[in-house]
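Colleague: How does the following fold in three dimensions:
(one chain, ligands or ions: 2)
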Amino acid sequence: MILPVSRYRILVINPAVTSTKVGVYENSLPVMERTITHDKEIIAEFKTINEQDHFRKQMILAALDKEEINLSKMDAVCGRGGLLRPIEGGTYTVNKAMLEDLRKGYNGQHVSNLGGIIAYEIANGLNIPAYIVDPVVVDELEPIARISGLPLIERKSIFHALNQKAAARKAASELGKSYEELNVIVVHMGGGVTVGVHKGGKVIDVNNGLDGEGPFSPARAGTVPIGDFVRLCFSGDYFREEVMRQLVGQSGLVGYLGTNNAITVEKMIDKGDKHAELIYEAMAYQIAKEIGSAATVLSGKVDCIVLTGGLAYGRRFVDSISKKVSWIADVTVHPGENELQALAEGALRVLDGRETAKEYLGKQLNAVNVHR
Ligand SMILES: Nc1ncnc2c1ncn2[C@@H]1O[C@H](COP(=O)(O)OP(=O)(O)OP(=O)(O)O)[C@@H](O)[C@H]1O
Ligand SMILES: CCCC(=O)O
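Modeller: Numbers count the residues shown, from 1 in each chain. Ligands and ions are numbered 1, 2, ... in the order given. As a prediction, this is how the structure comes out:
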């Protein structure tokens, strides 16, 4: 006898800086996906990210209404999680402790803080669970990876955990292994770039892609020469906020070439712009160097290297990195970010009983790595 397979309807929400991506999934299949774009001027009127909560929620509800989506048929709502206290990967129920930390931006302001908040607010009205999956603060670093060299500063794990873990699971299934059996280096290449070392189902080392370290990216500086950076900070020419803006948003491709758009950079190169060619190649060079460094963490025993994120659509860019690292392991390319799907799958693993939702402990967590 064939037993009927349960079908779960999941509403997923992924807030980005000037858009909110929203999807409705039936198990892991999309029924609807929309990117709601927000006017930059309207977003700029909000003093804090938190204040955008009501505005974005109304936009989501209006979009669902327009598509005639019946919210009463949902089994769960799942949002992208934000800058919470460091936690291990997985699917978490949005509880009071989490809401408190998301609302105050415990570990900083990041638009993904809104994912859990809005998911909770919608789910609460429907009396169904709200979840977040693999937020950017997933911290599974091994003790050795936390040592920075300067006792005052501990290395932090802030990265594209959601897409990194989803890409690693996909690579595992392509290789006929479980995620837990795989040694894989996942490289998320978007507005920020993070290179994660996945071993035994944990990300045991990764660069802090937000404002810390690693390769430069379309809009971020990554690691910079530290002595020169300190001298610049104390030169008296810059305020703290200006320096932070330089690190996150005004450096990388933006700083050198005035755009964060890799497609525009490729056009500049095609027109013979040698400076653009040098900078674009330097970004690939730094990413390849970071992959080489990640391979040493696995003592060279790497099952595969996965390139993912928006930059992975760029054939020339992917080729440039692959040429430098394919001696380490096979390079697999999963372009784009697939974060809505990853959210739906994270919620589904709990709804169908393959995993149990984790509880966020908030203040009770023995917070490590928190310096803000
Ligand atoms: N077809 C393409 N060829 C080359 N580059 C591309 C292509 N499509 C997108 N990109 C580049 O990918 C980058 C954006 O990637 P992505 O959309 O993953 O970033 P994001 O979501 O804004 O930021 P993050 O991933 O850090 O959260 C941009 O530089 C964009 O120009
Ligand atoms: C690195 C954390 C996610 C982001 O790029 O904002």
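
Colleague: CA atoms for contacts and neighbours, from now on please.
Modeller: OK.

Colleague: Let's see the helix ranked longest in the chain as PDB, backbone CA atoms only.
Modeller: Counting residues, the longest helix found in the chain (DSSP state H) is helix 274-297. Output in PDB follows, covering the C-alpha atoms of helix 274-297 (Å, rounded to 0.1, in the frame of the first residue of the first chain):
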ATOM      1  CA  LYS A 274      42.800  47.500 -18.500                       C
ATOM      2  CA  HIS A 275      42.300  48.900 -15.000                       C
ATOM      3  CA  ALA A 276      38.900  47.200 -14.700                       C
ATOM      4  CA  GLU A 277      40.500  44.000 -16.000                       C
ATOM      5  CA  LEU A 278      43.200  44.200 -13.300                       C
ATOM      6  CA  ILE A 279      40.700  44.800 -10.500                       C
ATOM      7  CA  TYR A 280      38.300  42.000 -11.600                       C
ATOM      8  CA  GLU A 281      41.200  39.600 -11.900                       C
ATOM      9  CA  ALA A 282      42.400  40.700  -8.400                       C
ATOM     10  CA  MET A 283      39.000  39.800  -6.900                       C
ATOM     11  CA  ALA A 284      39.200  36.300  -8.500                       C
ATOM     12  CA  TYR A 285      42.900  36.000  -7.300                       C
ATOM     13  CA  GLN A 286      41.900  36.900  -3.700                       C
ATOM     14  CA  ILE A 287      39.000  34.400  -3.700                       C
ATOM     15  CA  ALA A 288      41.300  31.600  -5.200                       C
ATOM     16  CA  LYS A 289      43.900  32.400  -2.400                       C
ATOM     17  CA  GLU A 290      41.200  32.100   0.300                       C
ATOM     18  CA  ILE A 291      40.100  28.700  -1.200                       C
ATOM     19  CA  GLY A 292      43.800  27.500  -1.100                       C
ATOM     20  CA  SER A 293      43.900  28.600   2.500                       C
ATOM     21  CA  ALA A 294      40.600  26.800   3.300                       C
ATOM     22  CA  ALA A 295      42.000  23.600   1.600                       C
ATOM     23  CA  THR A 296      44.800  23.500   4.200                       C
ATOM     24  CA  VAL A 297      42.200  23.400   7.000                       C
END
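
Colleague: anything in it near ligand 1?
Modeller: No: Helix 274-297 does not reach ligand 1 (C-alpha under 6 Å from any ligand atom); its nearest approach is 10.7 Å.

Colleague: which outside residues touch that helix?
Modeller: Applying C-alpha atoms under 8 Å, 6 or more residues apart in numbering, the external contacts of helix 274-297 come out as 185, 187, 195-197, 205, 214-217, 253, 256-257, 265, 268-269, 301-302, 317, 320-322, 324-325, 328.

Colleague: Inside helices: which ones of these?
Modeller: L253, Y256, L257, V265, M268, I269, F317, S320, I321, S322, K324, V325.

Colleague: hmm, back to that, residues touching the following helix or strand past the longest helix of the chain, excluding its own?
Modeller: Remark: after helix 274-297, the chain's next helix or strand is strand 304-309, criterion DSSP states H and E. With contact meaning C-alpha under 8 Å, 6+ apart, strand 304-309 is reached by 167-168, 171, 183-190, 318, 329-337.

Colleague: again, 7 Å this time
Modeller: 184-190, 329-337 (C-alpha atoms under 7 Å, 6 or more residues apart in numbering).

Colleague: what's the nearest residue to I60 if we skip its chain neighbours?
Modeller: Distance criterion C-alpha to C-alpha, 6 or more residues apart in numbering; nearest residue to I60, sequence neighbours excluded, is V22 at 7.2 Å.

Colleague: and what of N338?
Modeller: N338's closest residue in space is N163 (C-alpha to C-alpha, 6+ apart), at 6.7 Å.

Colleague: The residue lying closest to Y360 once chain neighbours are set aside: neighbour count?
Modeller: Nearest residue to Y360 in three dimensions, chain neighbours excluded: M98, at 6.1 Å (C-alpha to C-alpha, 6+ apart). Burial of M98 is recorded as 26 neighbouring residues (other C-alpha atoms under 10 Å).

Colleague: now the one 5 residues further on
Modeller: Around R103 sit 20 other residues, with neighbours defined as other C-alpha under 10 Å.

Colleague: residues in contact with it?
Modeller: Going by C-alpha under 7 Å, 6+ apart, R103 touches N50.

Colleague: Assign it to helix, strand or coil.
Modeller: helix (DSSP: H, G, I helix; E, B strand; the rest coil).

Colleague: circling back to that earlier point, between the ones in helices among the contacts of helix 274-297, which sits nearest ligand 2?
Modeller: Distance to ligand 2 across the ones in helices among the contacts of helix 274-297 (C-alpha to the nearest ligand atom) is lowest for L253, with 14.7 Å.

Colleague: Could you find the closest non-adjacent residue to the closest one?
Modeller: Going by C-alpha to C-alpha, 6+ apart, L253 has P218 as its nearest residue, at 4.5 Å.

Colleague: Stretch 251-269 and ligand 1, are they touching?
Modeller: Yes: counting by C-alpha under 6 Å from any ligand atom, contacts between stretch 251-269 and ligand 1 involve N260, N261, A262, I263.
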